[in-house]
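1. Based on what follows, work out the 3D shape:
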Amino acid sequence: MDSDKANLAPDKDSLAPNKDNLAPNKDNLAPNKDSLALDKDSLVPDKDNFAPNKADKANLAPNKDNLAQHEPFMRRALELARKAWGRTHPNPMVGALIVEDGEIVAEGFHARDGEAHAERVTLDALGRKPKPGATLYVTLEPCSTHGRTGACCDAIREAGLARVVAGATDPNPAHAGRGFDRLREAGIKVITGVLERDCAGLNLIFNHAMCTGGGPLIAAKSAMTLDGKIATRAAESKWITGPPARADVMRWRRLFPAIAIGAGTLLADNPRLTSRIEGEAEWCPWRIVFDGLLRTVMPRNLPSLYTDEFRDRTIVVTTPHGGLGYMRKLREMGVRVWCMESPTQRNSLGGFRKKCAEEKITGVFVEGGAQLISEFLQERQIDYLFAYTAPMLFADGRGKSAYSGLRTEHLTQAVRLADVRHESLGDDFLVRGRVVYPEKLQVDETAFGLR
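-> Have a look, this model is predicted:
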């Protein structure tokens, strides 16, 4: 029996699968790397066929890539425009140059109102016909209307220039883009928007006039601490900002046709209110004093604005409450007097703006004090703000604040700045921008007494 069991039991060796026979042949089943691998060379697009060459890039790349190559020339055009800083009112500052074969061959800028525009000055400087393919770079869209000097678009076309590269578009809604259209219609290639923000920002006063129908740009300037103070509780304020910031103020004084202060500032500081820039002659804008009661005329020692060599450039803005005798005294000294109708001793700031427009004063730089600036703010009469800030803190509630007189309960009621620019000036910094008022501006009517 035992032998039969041995015969009937399956032979383990015969039933067990043969590992060698059943195991897949790795060599047979493994995919052939050489046969299945993708041919990288055949699938990757041929760079030579698909990638644009340099010439194509110039045509296909978006404007941003195209504009960079023109920036060095436009920067030079901006430098030229600034040579007429503050001298062209009511016209804009404009610089231009002609480039042939990659080299500047002629330059020019608009020097003052009534004289030739930058494009014509540059063409005259060239003194001949431009070479074929020559490019004109100009900071502002060429004019398309015939004024005292003729349309610049016509001069460009007649000169035979092949291309015009411009920075900013004409801010006048009635004219914006028309100059570019006329040039293109004449077969001239036009490229726009090169350093556009810098070119547009060059002409704050002109831009404002074009967008408001000719009204003056009223800008306010403050020099303050990080916590918004312009003087200590003991009225000490000289100097919160350093020399670079104060030099920058002089530069902006040179731009604006007029500077304004209140009676309190005149009596406290007796400022000269001129622009004093190193290397340049002292320049005197219109110097405007807001004095509703003419209290600045009462002291025995009159402020220098009423007695110095520039006194004929001084304007006192007052009300009938100031007294005819004091008005006569100022006029006899050569000082101009604007008597504005007002039921109180406070001047009508809206009426002041209209008077500036009548007198063709296109911009006013309001330097203080804090009460005058805050009153302008209350009446929504500040268009632009220059806020110089020094890295210091008073942390004293009794220090004098730069701005006051509003009741701001919600963030939506805050006055904001748009098109903001930031500049470092030594240790100080300047934030400037266009003032944007909230829909509702809540005013604290009890905030101010006499100006």
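2. quick check, Ile259 in a strand?
-> Yes. Using DSSP: H, G, I helix; E, B strand; the rest coil, the assignment for Ile259 is a strand.
3. so who does it touch?
-> For Ile259, the contacting residues are 253, 273, 285-288, 364-367, by C-beta atoms under 8 Å, 6 or more residues apart in numbering. The way it works is simple: take the backbone N, C-alpha and C, and place the C-beta from them, glycine included.
4. end to end, how far does stretch 430-441 reach?
-> Using C-alpha to C-alpha, to the nearest Å, the end-to-end distance of stretch 430-441 comes out at 25 Å.
5. err, stretch 205-221, not the other one
-> Between the opening and closing residues of stretch 205-221 we find a distance of 15 Å, counting by C-alpha to C-alpha.
6. likewise stretch 371-389?
-> Terminal residues of stretch 371-389 lie 19 Å apart, using C-alpha to C-alpha.
7. Now, of the contacts of Ile259, which are buried?
-> 253, 273, 285-288, 364-367 (16 or more other C-beta atoms under 10 Å).
8. quick one on the thing from earlier: let's see which of the contacts of Ile259 end up in helices.
-> Residues of the contacts of Ile259 located in helices (DSSP state H): Arg253.
9. in the stretch 201-350 of the chain, which spans are strands?
-> Here the stretch 201-350 of the chain has its strands, by DSSP state E, counting those that start in this stretch, at 217-224, 229-231, 258-262, 286-290, 314-318, 336-339.
10. related to what we said a few turns ago, can you add distance to Arg336 and pLDDT and give the contacts of Ile259 back as TSV?
-> Output for the contacts of Ile259, formatted as TSV (distance: C-beta to C-beta, whole Å; pLDDT from 0 to 100):
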residue	distance to Arg336	pLDDT
Arg253	19	97
Leu273	14	96
Pro285	13	97
Trp286	9	98
Arg287	10	98
Ile288	9	98
Val364	15	98
Phe365	18	98
Val366	18	97
Glu367	19	95
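11. Closest one of the contacts of Ile259 to Leu294?
-> Ile288 (14.2 Å; C-beta to C-beta).
12. Now do the contacts for the residue nearest to the closest one when sequence neighbours are not counted.
-> Nearest-residue entry for Ile288: Ala260, 4.1 Å, with adjacent residues in sequence omitted and distances by C-beta to C-beta, 6 or more residues apart in numbering. Going by C-beta under 8 Å, 6+ apart, Ala260 touches 288-290, 364-367, 372.
13. so what's the residue nearest in space to the middle of the chain closest to, chain neighbours aside?
-> Against the mean C-alpha coordinate of the chain, by C-alpha atoms, centre = their mean, the closest residue is Gly201 at 3.5 Å. With C-beta to C-beta, 6+ apart as the measure, Arg421 is the residue that lies nearest to Gly201, at 7.0 Å, once sequence neighbours are left out.
14. Sheet-wise, list the partners of the one helix or strand that neighbour maps to with their directions.
-> Element membership for Arg421, per DSSP states H and E: strand 416-425. In its sheet, strand 416-425 lies beside strand 428-436 (antiparallel), with partners assigned from DSSP bridges.
15. thinking again about what came up before, for the residue nearest to Gly201, list each beta-bridge partner.
-> Arg432.
16. Give me the distance between the closest residue to Val289 other than its chain neighbours and Ser304.
-> Ranked by C-beta to C-beta, 6+ apart and with sequence neighbours excluded, the top spatial neighbour of Val289 is Val316, at 5.0 Å. Computed as C-beta to C-beta, to the nearest Å, the Val316 to Ser304 distance reads 14 Å.
17. Please apply the same query to Leu217.
-> With the distance defined as C-beta to C-beta, Leu217 ends up 27 Å from Ser304.
18. if you count what's nearby, which of those two comes out ahead?
-> Leu217 (22 against 16; other C-beta atoms under 10 Å).
19. I'd like the contacts of Ala260 as a markdown table, with distance to Met392 appended.
-> Converted to a markdown table, the contacts of Ala260 look like this (distance: C-beta to C-beta, whole Å):
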| residue | distance to Met392 |
| --- | --- |
| Ile288 | 30 |
| Val289 | 30 |
| Phe290 | 29 |
| Val364 | 29 |
| Phe365 | 24 |
| Val366 | 24 |
| Glu367 | 20 |
| Leu372 | 24 |
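20. Lys131 and Leu161, how far apart?
-> For Lys131, the distance to Leu161 (C-beta to C-beta) stands at 10 Å.
21. who's more crowded, the two?
-> Set side by side, Lys131 and Leu161 show more neighbours around Leu161, with 24 against 15, by other C-beta under 10 Å.
22. Quick check: the more buried one touching Ile188?
-> Yes. Taking C-beta atoms under 8 Å as the definition, Leu161 is a contact partner of Ile188 at 6.3 Å.
23. And for Gly102, the neighbour number?
-> When neighbours are counted by other C-beta under 10 Å, Gly102 registers 7.
24. secondary structure element for Thr122?
-> Taking DSSP H and E as the criterion, the element that holds Thr122 is helix 118-126.
25. list the helices and strands that helix packs on?
-> Packed against helix 118-126, as judged by 3 or more C-beta pairs under 8 Å, 6 or more residues apart in numbering; DSSP states H and E, are the following elements: strand 95-100, strand 103-109, strand 135-140, helix 152-159.
26. Now do the second one: everything it contacts.
-> Read that as strand 103-109. Around strand 103-109, the neighbours that count as contacts under C-beta under 8 Å, 6+ apart are 73, 76, 80-81, 83-84, 93-99, 118-127, 134.
27. mind putting the strands of the stretch 201-350 of the chain in CSV, distance to Arg112 included?
-> Below are the strands of the stretch 201-350 of the chain laid out as CSV (distance: least, C-beta to C-beta, whole Å):
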stretch, distance to Arg112
strand 217-224, 19
strand 229-231, 35
strand 258-262, 17
strand 286-290, 17
strand 314-318, 22
strand 336-339, 23
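28. can you tell which of the ones you listed is closest to Gln413?
-> Closest to Gln413 of the strands of the stretch 201-350 of the chain is strand 217-224 (C-beta to C-beta; 19.0 Å).
29. Strand partners (parallel or antiparallel) of the closest one?
-> Paired neighbours of strand 217-224 in the sheet (DSSP bridges): strand 363-368 (parallel), strand 384-389 (parallel).
30. quick check: angle from it to strand 258-262?
-> Interaxial angle, strand 217-224 versus strand 258-262 (axes from the mean of the first three to the mean of the last three C-alpha atoms, to 10 degrees): 50 degrees.
31. from the chain's centre, how far out does strand 217-224 sit?
-> 14 Å (C-alpha atoms, centre = their mean, to the nearest Å).
32. What's the mean pLDDT across that strand?
-> For strand 217-224, the per-residue pLDDT values average out at 97.
33. List of residues touching it?
-> Under the criterion C-beta under 8 Å, 6+ apart, residues 204-205, 208-209, 230, 240-241, 245-246, 249, 252, 256, 353, 362-368, 370, 373, 376-377, 381-390, 402-403 lie in contact with strand 217-224.
34. got it, and stretch 241-253?
-> 85, 221, 223, 239, 259, 273-278, 285, 365, 367, 386, 388-390, 423, 425-428, 430.
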